[in-house]
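[1] below: sequence and its predicted model.
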Amino acid sequence: MTRVLDSELDPAIAGRLKRNADGLVCAVVQAHGTGEVLMVAWMDDEALHRTLTTGRGTYWSRSREEYWVKGDTSGHVQHVREVRLDCDGDAVLVVVDQAGPACHTGTRTCFDADLLS
């Protein structure tokens with residue numbers, strides 16, 4: 001399903017994004033100060049616009065097919081410090097102050113388990 005929505009995202013930013021076939025870009029979420037990778041999520045233009053304008057991590061849930069603001073149900077809020085676009089335009093880095101665990105499993109990061117090497 002390709003996401004095609006009207007968004008108020010700055011056209012200069014939107015023009016630099018390289019979206020996947022579903023209209024999404026990967027969002028890597030990193031802890032401010034430590035650089036720890038907390039989680040990975042997906043954003044479309046509207047999710048990125050909401051993140052930039054509200055200062056709260058807002059993502060597109062591929063499983064629920066709806067927007068979600070990190071912390072609205074769990075209380076584990078992400079206060080966005082900065083958002084950076086990678087050199088290829090196909091991913092964003094969202095630097096946050098994370099309140100509580102970032103992972104839906106209750107761990108600090110989504111990368112606390114399953115060490116592969």
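    Arrived safely.

[2] residue 88: what's it in contact with?
    For residue 88, the contacting residues are residue 18, taking Cβ atoms under 8 Å, 6 or more residues apart in numbering as the criterion. All C-beta spots, glycine's among them, are computed from the backbone N, C-alpha and C.

[3] now the helices for the protein?
    Under the criterion DSSP state H, helices of the chain are mapped to 11-14, 45-54.

[4] identify whichever of those lies nearest to residue 89.
    Taking Cβ to Cβ as the criterion, helix 11-14 is the member of the helices of the chain that comes nearest to residue 89, at 9.7 Å.

[5] show me which residues of that closest one are buried.
    Within helix 11-14, the residues that qualify as buried are residue 13, counting by 16 or more other Cβ atoms under 10 Å.

[6] one more: stretch 98-117?
    Of all the residues in stretch 98-117, those buried under the rule 16+ other Cβ under 10 Å are 98, 101-102, 109-110.

[7] need the phi and psi values for residue 86.
    Dihedral angles phi and psi of residue 86 (degrees, to the nearest 10) take the values phi -70, psi 170.

[8] ok, now how distant is it from residue 108?
    Separation of residue 86 from residue 108 (Cβ to Cβ, to the nearest Å): 24 Å.

[9] now residue 45
    Spatial separation of residue 45 from residue 108 under the definition Cβ to Cβ is 30 Å.

[10] where are the low-confidence patches of the protein?
    Across the chain, the stretches falling below the confidence threshold (pLDDT under 70) are 1-5.

[11] what sits against the most centrally placed residue in the chain?
    Averaging the C-alpha coordinates of the chain gives a centre point, and the residue nearest to it by Cα atoms, centre = their mean is residue 27 (4.0 Å). Under the criterion of Cβ under 8 Å, 6+ apart, the contact list for residue 27 reads 40-43, 47, 59, 91-94.

[12] still on that earlier bit, most packed of the helices of the chain?
    helix 45-54 (a mean of 20; mean count of other Cβ atoms under 10 Å).

[13] what's it packed up against?
    When contacts are defined as 3 or more Cβ pairs under 8 Å, 6 or more residues apart in numbering; DSSP states H and E, helix 45-54 sits against strand 58-61, strand 66-69, strand 78-85.

[14] one more time with 10 Å
    Judged by 3 or more Cβ pairs under 10 Å, 6 or more residues apart in numbering; DSSP states H and E, helix 45-54 is in contact with helix 11-14, strand 25-31, strand 37-43, strand 58-61, strand 66-69, strand 78-85, strand 91-98.
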